[in-house]
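Peer 1: When you get a sec, could you give me coordinates for this:
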Amino acid sequence: MTGVLEGFAVIGALIAVGYLVGRTHVLGEQGGPVLTRLAFHVASPALLFTTLAQADLGALTSPALLVTAVSTLLVAGVYIVVGALRHWGTGPTTIGALCAGYVNAGNLGIPIAVYVLGDATLIAPVLLFQLLVVSPLALTVIDLSRPGARTSPLAVVTAPLRNPVVLGSLAGVAVAAAGIRVPAPVLDPVELMGAMAVPAVLLAFGISLRGATLPARGPERGQVLLAVGLKTAGQPVAAWAVGAGVFGLAGPALLAVVVTSALPAAQNLFTYASRYDTGVRLAREAVLLSTVLAVPALVAVAVLLG
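Peer 2: Numbers count the residues shown, from 1 in each chain. Next up, the predicted model:
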C-alpha cells in the first residue's frame, strides 16, 4: 500500500502549499480564481489533448469500462433523484452527482493502478469514460442551466463545442482515432501547458480552504454527506455487484474495477464548480472528505478482494 500513501501524500503536500499561499496572500485575493481559470481554459484542455491523443481507444470496448459506466450511472442517478426531490437545483445537483461518481483517475488513479494492481493501463477505461462521456455531458447540462443560457436546439447541440475542456478531449480523440503522430515541436509546448493542470487545480483547492469550516458543517451538509457516502461506499459496492453479478468478473479483474471505483472524487470537480459558480462549497467539501476516507476504503477493498 506504499504507492497509495505516496499518491495521497503528493496531493496533500500541494494542497497544503496552496493553503499557505492563501493564508499569506502571496497571490492576492484573485490568486485562486486566476489559477482556476488557467486550469479550466488552458492547462486542462492541453492535458486532456495529450492524454487522449496517445491513448489506446480499444479500452472503450472492455468489460471494465461497462462496469465503470454502470456503477457511475447508478450512484449519479441516486444523487440526481434525491436532488430533484429536494429541489437542490440543476447546477448543484450535477456537481453533487459528479462528486458521487467521478473518480480521481489521473494523479491518484495511475500510481494506485501501478502499485496496487500492478498495471497502469487498468485505469484507462475509467479515464476514457470520464473524459469522453461524463465530463462533456455534465458540463453541457451545467452550461445550459445557467441563467440566460441559450436553450435553442442549435445551442444545445453546439454547447460542448464552446467548452475548452470538451474541445481538448475531442481533439485528442480525433488524433488517436486517426492514428496521427503529432510532431514533437507541436506536442512539446502542449505537454508543458498540460503539466500545469494538476498543480494549478491543487493549489487553487488549497487556497480555497483558507477560512473554510470543517466539511459537512454548513447548509450543504446533506448534499455533501450523500455525495461522499455514494462515492466512498456506494460506488465500490455497485462496481463489485455489477462486475461479479452481471459480467462474471473475479480475481484481479474484479479487484481492478472495485479499486478504481473506490478512488476519491477528482479535484478538477472543484475547478468545474468554481468556473460555473455553482456548488463550489459542495465540491470542495465532498472532494476533501472523500479523499480522506478513500485511504481506509482502498485498504478495505485490497484486503477483501486482494
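Peer 1: give the contact list for the closest residue to Gln267 other than its chain neighbours.
Peer 2: Nearest residue to Gln267, sequence neighbours excluded (C-beta to C-beta, 6 or more residues apart in numbering): Val201, at 5.0 Å. In this view, the C-beta of every residue, glycine as well, is placed from N, C-alpha and C. Val201 makes contacts with 35-36, 39, 44, 267-268, 270-271, as judged by C-beta atoms under 8 Å, 6 or more residues apart in numbering.
Peer 1: three-state assignment of Val201?
Peer 2: Three-state call for Val201 (DSSP: H, G, I helix; E, B strand; the rest coil): helix.
Peer 1: Please verify my assumption that Arg284 contacts Phe270.
Peer 2: Yes. Counting by C-beta atoms under 8 Å, Arg284 does reach Phe270; the two are 5.5 Å apart.
Peer 1: overlap in contacts of the two?
Peer 2: By C-beta under 8 Å, 6+ apart, Arg284 and Phe270 have these common neighbours: 205, 208.
Peer 1: For the two, indicate the residue with more neighbours.
Peer 2: Shown here are Arg284 and Phe270; by other C-beta atoms under 10 Å, Phe270 has more neighbours (29 against 23).
Peer 1: Just the element for the more buried one, please.
Peer 2: helix 268-276 (DSSP states H and E).
Peer 1: One more: Ala174?
Peer 2: helix 164-178.
Peer 1: Tabulate the CA atom coordinates of that helix in CSV.
Peer 2: What follows is helix 164-178, C-alpha atoms only, in CSV (Å, rounded to 0.1, in the frame of the first residue of the first chain):
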residue,chain,number,x,y,z
PRO,A,164,-12.5,24.2,-23.7
VAL,A,165,-12.3,21.0,-21.7
VAL,A,166,-14.6,19.2,-24.1
LEU,A,167,-12.8,20.6,-27.1
GLY,A,168,-9.4,19.4,-25.8
SER,A,169,-10.8,15.9,-25.2
LEU,A,170,-12.4,15.7,-28.7
ALA,A,171,-9.3,16.9,-30.4
GLY,A,172,-7.2,14.3,-28.6
VAL,A,173,-9.7,11.5,-29.5
ALA,A,174,-9.7,12.6,-33.2
VAL,A,175,-5.9,12.4,-33.3
ALA,A,176,-5.8,9.0,-31.6
ALA,A,177,-8.6,7.6,-33.9
ALA,A,178,-6.8,8.9,-37.0
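Peer 1: who touches that helix?
Peer 2: Helix 164-178 is contacted by residues 40-42, 44-55, 57, 131-132, 135-136, 139-140, 160-161, 182, 272 when judged by C-beta under 8 Å, 6+ apart.
Peer 1: Give me the buried entries from those.
Peer 2: If you count burial by 16 or more other C-beta atoms under 10 Å, the buried members of the contacts of helix 164-178 come out as 40, 42, 44-53, 55, 131-132, 135-136, 139-140, 160, 182, 272.
Peer 1: quick one, helices of the stretch 201-306 of the chain?
Peer 2: For the stretch 201-306 of the chain, the helices defined by DSSP state H, counting those that start in this stretch cover 221-229, 235-241, 251-261, 268-276, 280-305.
Peer 1: could you give the mean pLDDT of the longest one?
Peer 2: Translated: helix 280-305. Helix 280-305 shows a mean pLDDT of 88.
Peer 1: In this protein, which residue is most central in space?
Peer 2: For the chain, the residue sitting closest to the mean C-alpha position, by C-alpha atoms, centre = their mean, is Ala266 at 3.4 Å.
Peer 1: can you tell me how far that one sits from Leu226?
Peer 2: Taking C-beta to C-beta, to the nearest Å as the measure, Ala266 and Leu226 are separated by 18 Å.
Peer 1: I'd assumed Gly58 was in contact with Arg125.
Peer 2: In this structure residue 125 is Pro, not Arg. No. Under the criterion of C-beta under 8 Å, Pro125 is not in contact with Gly58, lying 10.0 Å apart.
Peer 1: More neighbours: these two, which one.
Peer 2: Under the criterion of other C-beta under 10 Å, the comparison of Pro125 against Gly58 puts Pro125 first, with 25 against 10.
Peer 1: quick one: contacts for the more buried one?
Peer 2: By C-beta under 8 Å, 6+ apart, Pro125 lies in contact with 59-60, 62, 64-65, 68.
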